[in-house]
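[1] Here's my sequence, what's the structure:
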Amino acid sequence: MRHRVFGRQLCVKEDHRRAMLRNLAAGLFEHGQIETTFAKAKAVQPFVEKLITLAKGSTGLNTRRRITATLTDRKIHAWAADPSVPESKRTNPFFEIASADSIEFNRYGEIRKAPRLVQHILTKVAPLFEGRAGGYTRIVKLDKHRLGDGTDLVLLQLVGKEDGPQVSGRRSNRRRSADRRTAYAAELRKKGSAAGSESAAAE
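    Sure thing, here's the model as predicted:
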């Protein structure tokens, strides 16, 4: 029985679940969208939206400390300066990526200098939703299944800069049907106007 058990348990222990939600939220803030399972996306969605609401309220020291206590601060966008990452994957449609000159590695390949996650949330993520009261994320179901257990995969992304409902690039059936109806109505109007002009010429 689930008496007084709140939220999704995701079949893992509490510490594992907390760390997983933090990592999912950090990845979403860094990249703007992440691909995960439907259950994990539903679990991390309110966690992310509360952080964005907190970041929108103020950029002071107290807000920074509260976000850091909830979400572990770390260096981000190191992949923008990694030579092993292809050039086509160094772009981000959601945020302006830091230049490669601002990211430094030591001689062992470890990150020495890079943008910080909490600063990124306060300066780049929160201003995107300045006039929005809520609903900062959306879940898009993909036509994909995870290898192994076959669970449904979804795309969790920040709203505001998405291209449309079909992330895969295919047009939706509803849009295709609406276009057919519009084309058919335009053809009927053209036939009607042509018949009217012919009858007027005959008179």
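
[2] ok, what's across the strand from the residue nearest the centre of the chain?
    Centroid check for the chain by Cα atoms, centre = their mean gives residue 157 as the closest residue, at 1.3 Å. Beta bridges link residue 157 to residue 33, residue 138, judged by DSSP bridges.

[3] State which helix of the protein is the longest.
    helix 173-202 (DSSP state H).

[4] Provide the secondary structure category for residue 154.
    strand (DSSP: H, G, I helix; E, B strand; the rest coil).

[5] measure it to residue 83 for me?
    Noted for residue 154: a distance of 32 Å to residue 83, by Cβ to Cβ, to the nearest Å. Any C-beta I mention is one placed from the backbone N, CA and C, and that applies to glycine too.

[6] For the two, indicate the residue with more neighbours.
    residue 154 (22 against 7; other Cβ atoms under 10 Å).

[7] Looks like the more buried one contacts residue 33 (just checking).
    No - the criterion here is Cβ atoms under 8 Å, and residue 154 misses it with residue 33 at 10.4 Å.

[8] What is the neighbour count of residue 72?
    Residue 72, neighbours per other Cβ under 10 Å, totals 13.

[9] nearest spatial neighbour of it, skipping sequence neighbours?
    For residue 72, ignoring the flanking residues on the chain, the nearest one in space by Cβ to Cβ, 6 or more residues apart in numbering is residue 22 at 5.8 Å.

[10] Residue 147: what's it in contact with?
    By Cβ atoms under 8 Å, 6 or more residues apart in numbering, no residues touch residue 147.

[11] what about it, is that helix, strand or coil?
    Using three-state DSSP, the structure places residue 147 in coil.
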